Every structure is written in C-alpha cells, then in structure tokens.
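Engineer: model this:
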Amino acid sequence: MKRDYRRWYSPRLHRDMELLIFGHAGAKVLMFPTRDGRFWEYETLNIVASLAVKVEAGQLQLYCIEGLARETFYDVGRHPADRIRRHAAYEEYILNEVLPLMASTNPHDCTIAMGCSLGAFQAASIALRHPHLFRKLVAFSGRYDLSMKVECFDDLFDGYYDDEIYFHTPTHFLPGLQCGWRLDKLRRLDIVLTIGTEDPFLDNNHHLSHLLDQKHVSHQLHVWDGRAHRAGAWRRMAALYV
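Structural biologist: The predicted structure is shown next:
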C-alpha cells in the first residue's frame, strides 16, 4: 500500500500540520481522528488495514488528518468562545488547505467525510455544513451536540453558547435550515451513521436521524448490539460502510 507523509505550516492555524495519505487512487476519504488521536491513529488502530483491500485496489484513498481536540473542544484553558473559534479555524484549514491538496493529488469526484467518536462529530459538522463538497458521510459512535452532557461526557462549552456553536452543531442548525440549495445538496449526500445499543450517544443518534427525516434527507442509521464505541467495532464498521 502506498503511504505518503505530508507536513506544512498552516497560515490559518499558525502551526505545522501533518497528515498521512494511504493509497494511490479512488474515492478520497477525509478521516478525522478521535478526541486523543493524532493523524496516525487510524493506522495504529488497524482501521487502515481493515480498508486495505479497497485501498490497494484503487477504490479508496485515505487522508488521515490531525484532530486538534486539545486546542479546541478539550482545551479547558481557553474560554469556550475561543474553543469554538479555534474549531472554526480548523475547519478553514480543511476547506482551504486539505481539500485543495486532495483535489490536486487525486482527481476522483467523490470525497467522503469519515470519523469515529469526536471525529464523527467533526466529519458530520463539516459535511452537513458544506454538503456540496462531499458525496458521502460516514460517522461512527458520534455525539452531534457537544453542549450535551451524557454520562462521563461533559458539556464541552461549560454552559456557554453563541452563534458559532449553533452553526457548527448539527442537531442545532438542522432544524432551522431553510436554504433550498443547501437542502438539495444534503438530500444528495449518502449518509451512514452507526451506534451501539449500549453506547452513551444512542439517543443523540436517534435525534439526528429524526432531524434528517424531518428535512427529507435520506440516510442510514445502523444500530449495533452492545457497546460499539471501541476500535474493534470501528474496524468492522469501516470494512462494511466506507
């Protein structure tokens, strides 16, 4: 399998950013790591290996990026307004630096946003906010409202709320979305959500599914038995749904 390492200084984030590319051709998969994951996480969790057959056949090309959770949602030293602003800058980095790199590297017309846990939130947020840039969203074990406290998962904004949080939170902005152009693009998106019956975010996944139904956005919600918020389940999900 072809493996390519890239690093450059991001003017939008004012720091060096790194990523790994696996494969030589095929649909481009933008992969967001989990909360504590780095750009190599999906390689070490063997999720890249679970997709090896498709990658080596030229059906998929994987772009494993940094997540920046410790500079955004989990940076308790920042004011919550700065956390979401840092996340917005991260999105600008993806839109203006990573996606152009992907387009220049691989002309395939399909781009997939994919992530697990916090990475699922990031994948869903960017794909649902910019559906014209993606053909598919694959999100495993995600929480789509980071202001929601569930079990040991805290409100990541400590009770603070503003427009930036609203417009980056899928379960907040979807109910108010009225733009016909954006809804049309959303209805063309292939959306796959997965969650386990014993996962903490099960209700939130059902809520997102309900909101998508209300907007007539077709999607798949796969509910697995037991707790699926773990690498072993994600490897099997990746092979099935990516």
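
Engineer: going forward, measure contacts and count neighbours with C-alpha atoms only.
Structural biologist: Fine.

Engineer: what sits against residue 20?
Structural biologist: 3-6, 39-40, 62-65 (Cα atoms under 8 Å, 6 or more residues apart in numbering).

Engineer: now with 10 Å?
Structural biologist: Applying Cα atoms under 10 Å, 6 or more residues apart in numbering to residue 20 gives the contacts 3-7, 31, 39-40, 42-43, 62-66.

Engineer: distance of it relative to residue 68?
Structural biologist: Distance of residue 20 to residue 68, given as Cα to Cα, to the nearest Å: 15 Å.

Engineer: was I right about residue 57 contacting residue 2?
Structural biologist: No - in this structure, residue 57 is not within contact of residue 2 by Cα atoms under 10 Å, at 11.3 Å.

Engineer: what about these two, which has more around it?
Structural biologist: The residue with more neighbours, out of residue 57 and residue 2, is residue 57; 14 against 11, by other Cα atoms under 10 Å.

Engineer: hmm, back to that, which residues do residue 57 and residue 2 both contact?
Structural biologist: Shared contacts of residue 57 and residue 2, defined by Cα under 10 Å, 6+ apart, comprise 23-25.

Engineer: ok, which stretches of this structure are helices?
Structural biologist: 41-44, 47-50, 52-56, 80-93, 99-105, 118-129, 163-168, 170-176, 180-188, 202-214, 231-241 (DSSP state H).

Engineer: among the contacts of residue 20, which ones are buried?
Structural biologist: Buried members of the contacts of residue 20, counted by 16 or more other Cα atoms under 10 Å: 31, 39-40, 42, 62-66.

Engineer: go through those residues and name the one nearest residue 132.
Structural biologist: Each of the buried ones among the contacts of residue 20 was scored against residue 132 by Cα to Cα, and residue 31 proved nearest at 17.8 Å.

Engineer: so who does that closest one touch?
Structural biologist: By Cα under 10 Å, 6+ apart, residue 31 lies in contact with 19-20, 39, 41-42, 62-67, 112-116, 119-120, 122-123, 138.

Engineer: where does the closest residue in space to residue 224 that isn't next to it in sequence land on pLDDT?
Structural biologist: Closest residue to residue 224 apart from its sequence neighbours, by Cα to Cα, 6 or more residues apart in numbering: residue 196 at 4.5 Å. Looking at residue 196, its pLDDT reads 98.
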